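[1] I need the structure of the sequence given here:
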Amino acid sequence: MSNLDKALAALDADRQGALERLFALLRFQSISTDPAFAPNCAAAADWLVGQLRELGFEASSRPTAGHPMVVAKAKATRPDAPHVLFYGHYDVQPVDPLDLWKADPFAPVLVEAAPGREQIVARGAADDKGQLMTFVEACRAMKANGGLPCHVTLLFEGEEESGSTSLPAFLAANGKELKADIMLVCDTNMWDRNTPLITCMLRGLVLEEVVVKAASRDLHSGMFGGAAVNPIHVLSRIIAGLHDEDGRITLPGFYDDVPELPPEIKAQWAALDFDEAAFLGEVGLSVPAGEADHSVLEQIWARPTCDVNGIIGGYTGQGSKTVLPAQASAKFSFRLVGKQNPQAIVEAFREHVRKSLPDDCEAEFISHGASPALSLPFRSEAIQRASRALETEWGKPAVLAASGGSIPIVGLFKRELKMDSLMVGFGLDDDRIHSPNEKYELSSFQKGARSWARILTALAE
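    Next up is the predicted model:
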């Protein structure tokens, strides 16, 4: 038997032990946002340190201005093996409303959801303690059966659910120690409970607020209506001019750095069991509103967007007030892909607003942040190796997906440590993370550990 086969057999033989260890971690009330639970967070970190030291890792709990960071290191059997940094978080969301839980959120239970299908129910089961422990258990099995195929550094954070406030300073102070060839992140989902998924792209984000100002004060619409410029009308024309009739964004140069999907990825997405009508129908809609020549999956995963998130102006209370407002404002968000430059998008947007202003109007711009998109090329060696490993374990090709949202820590590691991230998770859309009765499929936990053993081996080959 190969070392991998021995490790997989060990994982199967010790399933009950692995479950008991996960339950022990789930019992810690490590709610990071509430200072009252700070001792619980520290205790969870110490427990992880103890577990990792038992496995032969050099591990410690590092103090921060907030909750501790757990850092652990172990060498591979081969000196020239690649070096991976695995990131996870041991803190959890608050449990409110408590009365909607079927059992104590910190007393984990195994429940039968259907014949032959069991679920782990507890706060943090899926986000992120169950996911974190899939990697720890993979390391446990490999350390006992020939050793780790890759050099491994672990970073377990205690403030992800409360904004990762201590992480930037920690990375700045410890970046050299944490630097690796690639970061592994297990805080994402599968396509479905039988189909693995690798998240290859995260969209970037630009947040802008515009205030259009005109008259020196609010005006009576009966006395000034028709003669005085109305900032709401001006803002409405600015907003309407941002898209054409096919849903494309009209800012000059907006699509210059937007890549087209590789044909094989486009074909894979088209073949997925994704019902566009059901996706929109669930929220009471029926017609896709994005770019007409791209599918809904492409629109939400891999295409840039421009959206108005809020409009304020004039009288918005009950009843009527005949007023021409002195100013009106709107909040905008742009999701970016590929190599789109956030600052270039900001400047193109602001120039569009300026050119749309009539006489007697001026615009004030307020930035609420900007960050670029992140991606690991679909054809990268790391993705190809991880894909083969996942297909071997799950019996299905891994979906190479993009995320419509953003994972802030991935961007932070890219900026601070210049590291790409391989995002492989085993959660499901119905895991109810952040909600009462959070759960994690037992199959996700068990096959997730087996998957990481295969991925580490594949990365080292």
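
[2] domain parsing for this structure?
    3-202+373-460, 204-256+304-371 (automatic domain parsing).

[3] Pick the most deeply packed of these.
    Most buried of the domains of the chain, by mean neighbour count (mean count of other C-beta atoms under 10 Å): domain 3-202+373-460, with a mean of 19. For every residue, glycine as well, the C-beta is placed using N, CA and C.

[4] Need the distance between the two termini of that domain.
    Terminal residues of domain 3-202+373-460 lie 13 Å apart, using C-alpha to C-alpha, to the nearest Å.

[5] before we move on, back to that, in JSON lines: the domains of the chain, plus mean pLDDT and distance to D275.
    Shown next, in JSON lines, are these (pLDDT from 0 to 100; distance: least, C-beta to C-beta, whole Å):
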{"stretch": "domain 3-202+373-460", "mean pLDDT": "96", "distance to D275": "13"}
{"stretch": "domain 204-256+304-371", "mean pLDDT": "97", "distance to D275": "20"}
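
[6] Turn the ones you listed into TSV, columns for distance to P262.
    Shown next, in TSV, are the domains of the chain (distance: least, C-beta to C-beta, whole Å):
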stretch	distance to P262
domain 3-202+373-460	6
domain 204-256+304-371	13
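
[7] Of all the ones you listed, which one is nearest A278?
    A278 lies closest, by C-beta to C-beta, to one member of these: domain 3-202+373-460, at 12.9 Å.

[8] Show me how far that closest one is from its chain's centre.
    Remark: domain 3-202+373-460 is offset 13 Å from the chain centroid, using C-alpha atoms, centre = their mean, to the nearest Å.

[9] and if you look at stretch 295-305?
    Its chain's C-alpha centre and that of stretch 295-305 lie 16 Å apart, by C-alpha atoms, centre = their mean.

[10] residues touching N40, list them.
    By C-beta atoms under 8 Å, 6 or more residues apart in numbering, the contact set of N40 is 28-31.

[11] Against R388, how distant is it?
    The gap separating N40 from R388 is 40 Å, by C-beta to C-beta, to the nearest Å.

[12] How about L148?
    To R388, L148 is 20 Å away according to C-beta to C-beta.

[13] still on that earlier bit, indicate which one of the domains of the chain is closest to D293.
    Closest to D293 of those, according to C-beta to C-beta: domain 204-256+304-371, at 7.3 Å.

[14] Any idea how far apart the tips of that closest one sit?
    Taking C-alpha to C-alpha as the measure, domain 204-256+304-371 stretches 5 Å from start to finish.

[15] what ranges do the strands span in the stretch 251-400 of the chain?
    Remark: strands assigned in the stretch 251-400 of the chain by DSSP state E, counting those that start in this stretch are 305-313, 323-324, 327-336, 362-371, 374-375, 399-403.

[16] Pipe these into TSV and attach distance to R62 per row.
    As requested, these are exported to TSV (distance: least, C-beta to C-beta, whole Å):
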stretch	distance to R62
strand 305-313	38
strand 323-324	57
strand 327-336	33
strand 362-371	26
strand 374-375	26
strand 399-403	29
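
[17] Quick one, which of these gets closest to A180.
    strand 374-375 (16.6 Å).

[18] Strand partners (parallel or antiparallel) of the closest one?
    Here strand 374-375 is paired, per DSSP bridges, with strand 197-202 (antiparallel).

[19] Grab the CA positions of the partner strand and hand them over as CSV.
    This file holds the C-alpha atoms of strand 197-202, laid out as CSV (Å, rounded to 0.1, in the frame of the first residue of the first chain):
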residue,chain,number,x,y,z
LEU,A,197,-16.1,22.3,-6.3
ILE,A,198,-13.0,24.5,-6.4
THR,A,199,-13.5,28.2,-6.2
CYS,A,200,-11.0,29.8,-8.7
MET,A,201,-12.2,33.4,-8.9
LEU,A,202,-13.5,36.0,-6.5
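
[20] who touches the next helix or strand after it?
    Next along the chain after strand 197-202, taking DSSP states H and E as the criterion, comes strand 204-213. Under the criterion C-beta under 8 Å, 6+ apart, residues 231, 234-235, 238, 326-337, 340, 342, 345-346, 349-350, 353, 357, 361-374, 406 lie in contact with strand 204-213.
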